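Q: got a sequence here, can you build the structure:
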Amino acid sequence: MTRVVVVRHGQTHWNVEARIQGHGDSGLTEEGIAQAEAIAARLAGEPCDVLISSDLGRAHETARRIAARNGKPIILDSRFRERGFGVGEGMTYEELDRAYPGAFLRTGEIDPDLSTPGGESRREFHSRVSQAFEDVASTHAGRNVIVVAHGGVLSSLYRHVHAVGFDAMKPIHIANASYNLLHHDGRAWTIETWSDTAHLDGAESFEEA
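A: Numbers count the residues shown, from 1 in each chain. Next up is the predicted model:
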């Protein structure tokens, strides 16, 4: 049995401003740093053989705090990056919707192949993330793995595990610095714990779709 804990990075300034981050980046807020320290303290008491992180700054900054507690080297993997939004990165969700209608829908009909210039479609993003987690399960079979990633990555993983199409609307709650525990038995994934924030005070959940 492979045990995988997936952590969303701590709160960033662009999270607070409701701006699209994508492959761009925004530093952790003071609250985000405290969240990262809190999840690191929780994970310090759990087994870890491998620590993997998205190579984007906000995830890497969160992973460094986990590594400081458990002593594991961080393996940076760009496949765990957030969905790329190209020219839309840095825009608010409202600005993106005005400039590129349908690129980030939470309601209505989804075009899985729609992307902003320089960005990824839902189909491309889901394929990248799904394959990355399948590779983790096969490469690190029987081990304890921590992956630090992003809200969109967790949403895509949830869809992959539950066979929810990436072209279907499905609100999925994912809090910053949340604890998400999955197992892989060599054939399939199961989710034991999702968006657990017991280690945080007053955490707010962000809804991915």
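
Q: verify the stated contact: residue 73 with residue 52.
A: No - using CB atoms under 8 Å as the test, residue 73 is too far from residue 52 to be in contact (10.2 Å). All C-beta spots, glycine's among them, are computed from the backbone N, C-alpha and C.

Q: quick one: the helices in the chain?
A: For the chain, the helices defined by DSSP state H cover 13-16, 30-43, 57-70, 93-99, 122-139, 151-162.

Q: before we move on, back to that, so residue 73 and residue 52 - more neighbours on which side?
A: residue 52 (23 against 7; other CB atoms under 10 Å).

Q: so that one sits right up against residue 146, yeah?
A: Yes - under the criterion of CB under 8 Å, residue 52 makes contact with residue 146 at 7.0 Å.

Q: report the buried residues of stretch 154-169.
A: Using 16 or more other CB atoms under 10 Å as the burial criterion, the residues of stretch 154-169 that qualify are 154, 155, 156, 157, 158, 159, 160, 161, 166.

Q: which of those sits closest to residue 116?
A: Using CB to CB, residue 166 is the member of the buried residues of stretch 154-169 that sits closest to residue 116, with 16.5 Å.

Q: for the closest one, phi and psi?
A: The main-chain torsion angles of residue 166 are listed as degrees, to the nearest 10 and equal phi -70, psi -10.

Q: in space, not sequence, find me the middle residue of this structure.
A: residue 150 (2.3 Å; CA atoms, centre = their mean).

Q: what's the weakest-modelled helix or strand in the protein?
A: Counting by mean pLDDT, DSSP states H and E, the weakest-scoring helix or strand in the chain turns out to be strand 205-208, with a mean of 54.

Q: want to try TSV for the buried residues of stretch 154-169, with pLDDT as columns?
A: As requested, the buried residues of stretch 154-169 are exported to TSV (pLDDT from 0 to 100):
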residue	pLDDT
154	97
155	94
156	95
157	97
158	96
159	94
160	96
161	97
166	75
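
Q: which two of the residues you listed have the greatest separation?
A: Across the buried residues of stretch 154-169, the longest distance by CB to CB is 13.6 Å; it joins 154 and 166.

Q: sorry, back to before: least reliable of the helices of the chain by average pLDDT, please.
A: With a mean of 85, helix 93-99 has the lowest mean pLDDT of the helices of the chain.

Q: buried set for that one?
A: In terms of neighbour count (16+ other CB under 10 Å), helix 93-99 has its buried residues at 96, 97.

Q: deepest of the helices of the chain, which one?
A: helix 151-162 (a mean of 22; mean count of other CB atoms under 10 Å).

Q: can you give me the neighbour number for the closest residue to residue 121 other than its chain neighbours?
A: With CB to CB, 6 or more residues apart in numbering as the criterion, residue 121 has its nearest non-adjacent residue at 4.2 Å, and that residue is residue 115. Summarising burial for residue 115: neighbours were counted as other CB under 10 Å, giving 21.

Q: now do the same for residue 115: its pLDDT.
A: Predicted confidence (pLDDT) at residue 115: the value is 86.

Q: do the same with residue 103
A: Reading off the per-residue confidence, residue 103 sits at a pLDDT of 67.

Q: cool, residue 168 as well?
A: Residue-level pLDDT assigned to residue 168 equals 73.
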